[in-house]
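Asks: sequence and predicted structure are below.
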Amino acid sequence: MNTVNEKILVLDFGGQYNQLIARRVRDNNVFAEIKPYTVPLDEIKDGNYKGIIFTGGPNSVYDPESPHYDKAILDLGVPVLGICYGCQLISFMRGGVVQTAESGEYGKIDIEVDSNDSVLFRDIPDSVVWMSHTDRISEVPEGFIVSAHSDNCPVAAMENRAENIYAVQFHPEVTHTEYGKKLLSNFIFDVCGCKGDWEMESFIDNTVKSLREKIGDKRVVLGLSGGVDSSVAAALLSKAVGNHLTCVFVDQGLMRKDEGDFVEKTFTSLFDMKFVRVNCSNEFLSKLKGVIDPEDKRRVIGTEFYKVFWEKVREESEGGFFAQGTIYPDCIESGKGEADKIKTHHNRVKMPDDIKFDGVIEPLKDLFKDEVRRVGELLGIPRELVWRQPFPGPGLGVRIIGEITKEKIQILQEADAVFREEIKKSGIESELSQYFAVLPDVRTVGVMGDHRTYEHLVAIRAVTTDDFMTADFARIPYDILASVSNRIINECPHVNRVVYDLTSKPPGTVEWE
Ligand code: XMP
């Protein structure tokens with residue numbers, strides 16, 4: 001499905017900011033695509049890119065193990081911008097000199113712009129940039145001029161105007177670089193000549209058009225989980241092919257309070273499609289009877305889920321296509337090598353061999369999460385779904401410690417619903433990345449009225465994080481925690497104590513199991 005007019009290639013040499021660079025380009029309404037440095041030159045030629053950005057990377061250009069690229073890429077006539085390692089690589093490829101400096105530059109550094117008619121530095125004064133390097137260019141290659149320097153770095157930027165090759169030692173993509181946004185937009189518009197017509201509205205129109213062409217009068221089946229990605233994929237497919245779409249929604253009874261009904265109501269009332277809900281909480285509970293070990297629990301829930309799901313797909317399938325809500329970060333092949341590659345694809349579902357479709361459709365495979373949310377909003381999906389916080393595949397199953405029972409699910413659903421209501425009321429919801437209740441397998445003694453109680457302990461967890469790889473516990477004000485605790489104990493039967501989880505990640509994880 002080709003829905004894009006102009007594209008910038010982000011050629012990944014293993015730097016940590018590759019996705020951020022692509023995001024920044026897209027902020028200018030120009031599509032950016034990330035490829036590993038191992039991509040063949042012919043594929044780049046065929047891509048008709050308006051510009052190419054070389055990312056940073058952890059290596060030294062003289063290290064034989066470091067990622068290099070075919071020098072011919074600089075002769076394609078496509079404008080190039082090298083960033084950090086990418087800048088040194090351009091110098092190396094064109095015969096400049098790169099040296100390891102006595103002291104590196106890390107953090108905010110002042111640069112002076114040396115060239116007042118550089119297109120890349122148009123309207124950019126001497127300013128602060130973000131540097132992170134030990135190696136530096138000491139001599140620029142033939143045909144290049146120095147366009148900026150710092151005290152410690154004689155070549156903070158260089159350019160070859162005749163060939164449209166630009167390079168900066170600093171990171172324009174991070175917010176600490178004062179004029180980073182401006183520099184990238186100068187490259188995109190003034191050097192590459194992009195128009196900037198890639199917008200979510202046109203993405204929707206083009207995608208709907210190409211989905212219609214591809215699907216024709218065949219059918220499409222989509223697994224809907226109620227998460228952001230599959231919900232937006234469902235809405236987009238519904239707009240394209242209406243009731244040719246069948247959404248299979250497996251409710252294993254481990255969702256949050258009333259969530260299954262909410263998902264069903266949303267999709268059956270707002271969108272044209274065939275909605276198939278499979279209620280199988282009793283089957284799940286019987287499979288989970290006596291299962292206590294967290295990994296066993298995950299395995300049972302995962303295996304059972306796909307068993308039920310594929311059985312339903314077999315029943316519902318009338319040929320045609322299988323759709324998935326895969327998004328861009330699930331598809332990017334890393335420039336760091338094979339080990340990462342396996343991990344980045346984990347969200348794609350493997351189909352049993354006996355199920356045959358004409359093809360797989362992934363309408364969101366080019367979008368980042370925030371772009372997916374924007375598409376969801378434009379398609380009219382309720383905010384509650386579009387801005388839904390992450391929810392683990394095994395659902396409440398990993399928030400109930402010990403054996404999972406119907407009673408424990410109900411207690412946890414009630415406590416979790418109260419916690420979420422109070423957070424919404426308090427106005428701090430947008431400051432939290434994820435927040436939920438947990439039911440540890442613990443009972444404690446309490447007193448209610450004149451009676452001794454011996455009831456459940458509920459733990460509440462709230463974290464802040466950018467990427468969920470590390471996280472900190474949220475500093476929720478005590479008075480909000482007090483209302484949550486009061487309400488849970490008063491309103492949720494069989495709970496007599498509430499504790500707040502003060503663990504960051506690491507050493508803890510976000511979920512308890
Ligand atoms: P942890 O507990 O590993 O969680 O710190 C990090 C983030 O991942 C979510 N999570 C999952 N998401 N399937 C998912 O789709 C899972 O099995 C799963 N386990 C954890 C978790 O909620 C948090 O956002």
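Replies: Done, it's in.

Asks: what about the closest residue to the ligand within the stretch 1-150 of the chain, neighbour count?
Replies: Nearest residue of the stretch 1-150 of the chain to the ligand, counting by Cβ to the nearest ligand atom: residue 19, 17.4 Å away. Every residue, glycine included, has its C-beta placed from N, CA and C. The local packing of residue 19 (other Cβ atoms under 10 Å) involves 19 other residues.

Asks: contact partners for it?
Replies: By Cβ atoms under 8 Å, 6 or more residues apart in numbering, the contact list for residue 19 reads 34, 329, 332, 368.

Asks: list the contacts for residue 472?
Replies: Taking Cβ under 8 Å, 6+ apart, we find residue 472 in contact with 463, 464, 465, 504, 505.

Asks: so how far is residue 255 from the closest residue to residue 252 other than its chain neighbours?
Replies: Excluding its sequence neighbours, the residue lying closest to residue 252 (Cβ to Cβ, 6 or more residues apart in numbering) is residue 284, at 4.5 Å. Separation of residue 284 from residue 255 (Cβ to Cβ, to the nearest Å): 11 Å.

Asks: before we move on, back to that, where does the residue of the stretch 1-150 of the chain closest to the ligand fall, secondary structure wise?
Replies: Using DSSP states H and E, residue 19 falls within helix 18-26.

Asks: near the ligand, which residues of this protein are found?
Replies: Neighbours of the ligand within the chain, by Cβ under 6 Å from any ligand atom: 390, 392, 393, 394, 434, 468, 505, 509, 510, 511.

Asks: in this protein, which helix is the longest?
Replies: Longest helix of the chain, by residue count under DSSP state H: helix 294-316.

Asks: that one - what's its average pLDDT?
Replies: The average of the pLDDT scores along helix 294-316 is 94.

Asks: report the strands that pair with whichever helix or strand comes after that helix, each with its relative direction.
Replies: Using DSSP H and E, the helix or strand that follows helix 294-316 towards the C-terminus is strand 321-323. Next to strand 321-323 in the sheet, as set by DSSP bridges, lie strand 220-223 (parallel), strand 359-361 (parallel).

Asks: so which of those gets nearest residue 386?
Replies: Set against residue 386 and scored by Cβ to Cβ, those come closest in strand 220-223, at 17.1 Å.

Asks: tell me the mean pLDDT for that closest one?
Replies: pLDDT averaged over strand 220-223 gives 96.

Asks: after it, which helix or strand is next? Please name it.
Replies: Sequence order places helix 228-241 as the next helix or strand after strand 220-223, per DSSP H and E.

Asks: which residues are contacting that following helix?
Replies: By Cβ under 8 Å, 6+ apart, the list of residues contacting helix 228-241 from outside reads 204, 207-208, 211-212, 215, 220, 222-224, 245, 247, 263, 266-267, 270-273, 323-327, 361-364, 369, 372-373, 375-376, 379-381, 385-388.

Asks: buried ones only from these, please, as a PyMOL command.
Replies: Selection of buried members from those for PyMOL, criterion 16 or more other Cβ atoms under 10 Å:
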select buried, resi 204+207+208+211+215+220+222+223+224+245+247+263+266+267+271+273+323+324+325+326+327+361+362+363+364+372+373+375+376+379+381+385+386+388
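
Asks: among the contacts of helix 228-241, which are located in strands?
Replies: Among the contacts of helix 228-241, the members falling in strands (DSSP state E) are 220, 222, 223, 245, 247, 323, 361.

Asks: nearest to the ligand among those?
Replies: Once Cβ to the nearest ligand atom is applied, the member of the ones in strands among the contacts of helix 228-241 that ends up nearest the ligand is residue 223, at 13.0 Å.

Asks: okay but that closest one is in contact with residue 309, surely?
Replies: Yes: in this structure, residue 223 is within contact of residue 309 by Cβ atoms under 8 Å, at 5.9 Å.
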